[in-house]
Structure formats: structure tokens, C-alpha cells
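Asker: Here is the input, now give the coordinates:
(4 chains)
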Protein chains: 2
Amino acid sequence: MYICLMEFKEAKNKFVQTWGALGSQWGINKTMAQIHALLMISHEPVSMEDIMEELQISRGNASMNLRALMDWGIVYKEYKAGERREFFTAEKDLDELAVKISRERSKREIKPALKVLKEVSTMKSDGTEAERHFVDQTTKLYDFVLKADNVLDKITEYKDNWLAKLVIKIMK
Amino acid sequence: MYICLMEFKEAKNKFVQTWGALGSQWGINKTMAQIHALLMISHEPVSMEDIMEELQISRGNASMNLRALMDWGIVYKEYKAGERREFFTAEKDLDELAVKISRERSKREIKPALKVLKEVSTMKSDGTEAERHFVDQTTKLYDFVLKADNVLDKITEYKDNWLAKLVIKIMK
DNA sequence: ACAAACTTTCATTTTTTTTTGAAACTTTAA
DNA sequence: TTAAAGTTTCAAAAAAAAATGAAAGTTTGT
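Answerer: A predicted model of the protein is given here:
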């Protein structure tokens, strides 16, 4: 029994660390990803106190990153009857999680980038080869990113089980 | 004519800055993304000297990031006849660029993460509800990430014009 | 209205990541 | 073989990002 508990703790820790590392490689702060990982594998809502304890982080850090996760719409606050403090749960449905992440990234990063691409690609150019190439390349990039963004939107529109449905579509 | 040149410089700069910012949000260092942006819009190969000059960065920084871009397979070294120094060009085909980036990210980040997910999800659990939930959730995550990774692989397999082909498949 | 219980904010500190620059290295041509 | 022209490396410095923690703010029960 003791050994078994140790193994669980070890596996849990490995998962949280790995998720944290993956997060930073994709531009998500480590703690934010770790909190998310922790909530993903918890079978019941977790208090801020417990998150701080498990990840050895400060109250401020926990609070800020929980707020960020809620802003992304992938972590929810919960209230337990008769309990003063707040508890947190993660969106556990992976299709839903992926949809929310992709929507947020599109809104926060892709859409603003598209706006700039549009701007710079419509620069009036009757000039040098360098200018012609610039306009040509940025126009192509605009079209590509726009198309990719739309495809992602279309794919995740199914919401329920979109990945499985995509697999079927592609295999055909 | 003077005004026109200024506008080009301005547009070019805006593009390079935006691409750099987008890069950091996705876990790619700013300078690396900026060098890539610069090469993407150059109609001819660029020397390290010119890159340093345009981006106001040191020789070491330029060298390291060019090496990284070449490791990703999205920037090439070129030699000009009768020139001692090296020149650099970016992969300008966007389909090809996206394929290479997705392949590298899969190899460097997704595959190792999958390995860990496999490990932790096969932890023997005959224990508590917490343990059962952990195994269940990590197993689901493993399946999901594996499937997504395979789909991406399949999509980019077409290489030539894969995005346009994907659009058609999905619309049907 | 008060105070206990809890959460949020943000200026400061710490950590991590990126950049620099000078020394070491490589290549080429005479 | 030498030196000039160029490139790479890596320890140290700088910059950027994240974390801390104490003060301010909020909510709830009496």
C-alpha cells in the first residue's frame, strides 16, 4: 500500500512537470500549465490552499494563474455547500478543451496578426523588385493564415467529438 | 519616391516586429522569428552582416539563431559565386514551411510528451478513486494527443497544397 | 456595522531566457 | 604556411518574464 501511494505521487508529479514544460515550449507560463495539469487529474475540486501546497507556489502566483486559466475558459470556480473558500476544476472534456484553446489563441494572436498582415500587404507598391516581392509574399501569408484560421474554426465547429470526425473525413 | 521608400521600410519593419511578437507568444525566440521574417520577405539571399545591421543584433546572436533556423529546416545557406561570405534564404513556400514546422514540433515536443503520457497512464492502479481518475484521464489524454498528432501527419502528407486540399475535404 | 475568512493586486525580488562580444576556430588564396 | 576573411562558441551581462508577499480589497455571518 505504501509503495503504491508512492508510485501514484511519482506519476502525478511527472505528469504535472511534463505538462508544465510543454506549456512553456508553447508560450504558456509553466505554473499556469502545471495548475491546469493538477486540476485535470483531480477527481474533485481543489482549493487554492491545496494548489499552493502541491506546487509549492505563493498565494499571489496561484491567484493570478487561476484567473488567467478562467479567462481562457478552461478552469471553473466552484463553491461547496457550507464552505467559505473557493474550489477550482478544469474542463476535463478534451474536445472542448482543444476548442477553447484554439478559439482563444485565434482571438488573441491570429486575428491581430491578420490585421497587420492586411495592412502591410496592401502597401502601395509600383517600385522595386524588393517591394514587389514584399507585397507578394505578405499577401500570400495573409491568405494562408486566413485560410488556416478558417479551417480550424470549421473543424472545431462540430465541438462534440470533432477530432474523431476529422479522422473519418480525412481517411475517406 | 522618397515617401514611397519610407513606407516600404515602415511596412517591412512592422511585419518583422509583428512576426517576432507572434513567435514569442508561441515559444519561439523573438530574434529567431524576426530573422525568419526578414528572410521571408527578401527577394534575394541576405548576408549575416546585413541581418545584424537590419535587426541591430550581435554577430553571436545572428549566428546562433541562423543555426537554429537551419536546424528547423526552414532557412538555407547559400553561396554566391566569387563571394567569400555566406548568404541565407528562407523557405518561401508556405505549405512547405508549415509542414516543416509541424514535423519539428511533433518530433521535439509532442513525441516526448506522448512517451511520458504512456508511462504515467500505465501506472498500475487498483487503488482509490483519485488513482482511477488519474489513470483514466491520462489515458484519454494519451489517446487524444496521439490521434491529433497522426491527423496532422496525415494532413501534411499531401505536402503540395495541403491546406487547400483540406479545405475541400472539410467543406464536403 | 464589524471582524473573520478569504482573495486580489502590484511593487519588488528572483529566476529564466536571451544577448553580447571576444577568443577560438575554419576556410581560402597567395 | 601564413594571414586575411569569415564563422562559431560560450562565459558573462542584460533583459524579460515569472514569482513573492504584504497590503488592500471583498464577502459573509452575526
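Asker: Give me the next element, helix or strand, following the helix or strand of chain A with the lowest mean pLDDT.
Answerer: Each helix and strand of chain A was given a mean pLDDT (mean pLDDT, DSSP states H and E); the minimum falls on helix A:2-25 at a mean of 87. Downstream of helix A:2-25, the first helix or strand assigned by DSSP states H and E is helix A:30-40.
Asker: Contacts for that next one, please.
Answerer: A:15-17, A:19-24, A:46, A:51, A:54-55, A:57, A:61-62, A:65-66, A:68-69, A:74-75, A:88-90, A:92, B:137, B:141 (CB atoms under 8 Å, 6 or more residues apart in numbering or on different chains). Just so you know, the C-beta spots here come from the backbone N, C-alpha and C atoms, and that holds for glycine as well.
Asker: go on, stretch A:147-157?
Answerer: A:98-99, A:102-103, A:106, A:110-111, A:114, A:162, A:166, B:98, B:163-164, B:166-167, B:170-171.
Asker: For these, which PyMOL command selects only the ones that are buried?
Answerer: The command below creates a PyMOL selection of those among those that count as buried (16 or more other CB atoms under 10 Å in any protein chain shown):
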select buried, (chain A and resi 98+99+102+106+110+114+162+166) or (chain B and resi 98+163+166+167+170)
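Asker: Looking at the contacts of stretch A:147-157, which are in helices?
Answerer: A:98-99, A:102-103, A:111, A:114, A:162, A:166, B:98, B:163-164, B:166-167, B:170-171 (DSSP state H).
Asker: Quick one: name the residues of chain A near DNA strand C.
Answerer: A:24, A:47-49, A:59-60, A:63-64, A:66-67, A:83-86 (CB under 7 Å from any atom of the strand).
Asker: quick one: buried residues of stretch A:17-33?
Answerer: Under 16+ other CB under 10 Å, the buried positions of stretch A:17-33 are A:Thr18, A:Trp19, A:Gly20, A:Ala21, A:Leu22, A:Gly23, A:Gln25, A:Ile28, A:Lys30, A:Thr31, A:Met32, A:Ala33.
Asker: quick one, what contacts the closest residue to the last one other than its chain neighbours?
Answerer: Distances taken as CB to CB, 6 or more residues apart in numbering or on different chains put A:Gly23 closest to A:Ala33, at 2.6 Å, once the chain neighbours are dropped. With contact taken as CB under 8 Å, 6+ apart, A:Gly23 is in contact with A:Asn29, A:Lys30, A:Met32, A:Ala33, A:Gln34, A:His36.
Asker: For A:His43, give me phi and psi.
Answerer: Main-chain torsions, A:His43, degrees, to the nearest 10: phi -80, psi -10.
Asker: That one: what's it in contact with?
Answerer: B:Glu129, B:Ala130, B:Arg132, B:His133, B:Phe134.
Asker: what's the nearest residue to it if we skip its chain neighbours?
Answerer: B:His133 (3.6 Å).
Asker: Check the gap between the one you found and B:Asp143 for me.
Answerer: Separation of B:His133 from B:Asp143 (CB to CB, to the nearest Å) stands at 16 Å.
Asker: which of these two has more neighbours?
Answerer: Per other CB atoms under 10 Å in any protein chain shown, whichever of B:His133 and B:Asp143 has more neighbours is B:His133, with 17 against 14.
Asker: residue contacts, A:Val75?
Answerer: Applying CB under 8 Å, 6+ apart to A:Val75 gives the contacts A:Ile35, A:His36, A:Leu39, A:Leu66, A:Leu69, A:Phe88, A:Thr89, A:Ala90, A:Glu91.
Asker: at 6 Å instead, please
Answerer: A:Leu69, A:Phe88, A:Ala90 (CB atoms under 6 Å, 6 or more residues apart in numbering or on different chains).
Asker: Quick check: of those residues, which lies closest to B:Tyr79?
Answerer: Distances from B:Tyr79 to these, taken as CB to CB, are shortest for A:Leu69 (50.0 Å).
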